[in-house]
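[1] Turn this into a model:
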Amino acid sequence: MPSREDFERNRWIAPIAHRVLSPELWRFTRRSVPRGVALGLFAGFIVPVGQIFLAAFLALPARANVSIAALVTFVTNPFTLPFWVVVANRLGRFFLHVDPTGVASAVGSGMDDSAWDTLIWFAQSAGFAAVGFVVLAIVASALGYVLSGLIWRSWIGRKHRARRVRHAQARAEREARAHEAVAASAASFEAAA
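    Down below sits the predicted model:
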């Protein structure tokens, strides 16, 4: 595993090393984690290839957690991509309300059959899927930001409550020991008198 110094000396990373290696980009904070989730989901849905690099690049100016942003892009991986393409295609059809054959017939009245079929196929599949992926990217990133913020807040709240309970128990034990010590010293004082 390369060290921080190796990254700083790398000739490709050296020009941006001060940004990439900034500690705030690698910490898990209440602000950086939801930003990382949102950017990772956005990059995962908007670009089918190279989404990890896009998420990491977007995380730099947004001060988002780079590792979370890169990890969340795996929501669209080679195994889940066919599912997401179908979902995006249906979302695109829903939002556009366009009959692809009508568009193709209006545009390509002088085309031969193979070009016509290609245009119809593109209008039916790629155009709708592209619009659907944009909608998925926006909606998923917004939901991811809100949900990860709520989950983060809940998790930290549980940790704080558990810490308060531990501190209260420790305080009660200290007070009980102090009370026992005072009672024991009072008893020994009375026995001596």
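[2] which residue is nearest the centroid of this structure?
    Taking Cα atoms, centre = their mean, the centroid of the chain lies closest to Val37, which sits 1.2 Å from it.
[3] the strands in this structure, which residues?
    Here the chain has no strands by DSSP state E.
[4] show me where pLDDT drops low in it?
    Scanning the chain for pLDDT under 70 picks out 1-4, 7, 98-113, 121-124, 193.
[5] could you point out the longest helix in it?
    helix 127-192 (DSSP state H).
[6] now for that one, which elements pack on it?
    Contacts defined by 3 or more Cβ pairs under 8 Å, 6 or more residues apart in numbering; DSSP states H and E place helix 127-192 against helix 32-46, helix 81-96. Heads up, the C-betas are built off the backbone N, CA and C, glycines and all.
[7] ok, back up a step: list the contacts for the residue nearest to the centre of the chain?
    Val37 sits next to Ile68, Ala69, Val72, Ser141, Gly144, Tyr145, Leu147, Ser148 when contact means Cβ atoms under 8 Å, 6 or more residues apart in numbering.
[8] May I ask which two of the residues you listed are separated the most?
    Greatest spacing in those, by Cβ to Cβ: Ala69 and Leu147 (15.5 Å).
[9] For those two, indicate the residue with more neighbours.
    Neighbour totals were compared for Ala69 and Leu147, and Ala69 leads with 32 against 13 (other Cβ atoms under 10 Å).
[10] Now tell me what touches stretch 149-168 from outside.
    Residues from elsewhere that reach stretch 149-168, judged by Cβ under 8 Å, 6+ apart: Arg30, Val33, Pro34.
[11] my guess is Arg90 meets Val131, correct?
    No: look at Arg90 against Val131 with Cβ atoms under 8 Å: they stay out of range, at 10.8 Å.
[12] which of those two has more neighbours?
    A direct count of neighbours by other Cβ under 10 Å for Arg90 and Val131 places Val131 higher, at 19 against 13.
[13] so how far is Leu25 from that one?
    According to Cβ to Cβ, to the nearest Å, Val131 stands 32 Å off from Leu25.
[14] same question, Ile151
    21 Å.
[15] neighbour-wise, which of the two wins?
    More crowded of Ile151 and Leu25, by other Cβ under 10 Å: Leu25, with 20 against 13.
[16] Report how many residues lie close to the closest residue to the more buried one other than its chain neighbours.
    Among residues not flanking Leu25 along the chain, Val66 sits closest, at 4.9 Å (Cβ to Cβ, 6 or more residues apart in numbering). Val66 has 23 neighbouring residues, counting by other Cβ under 10 Å.
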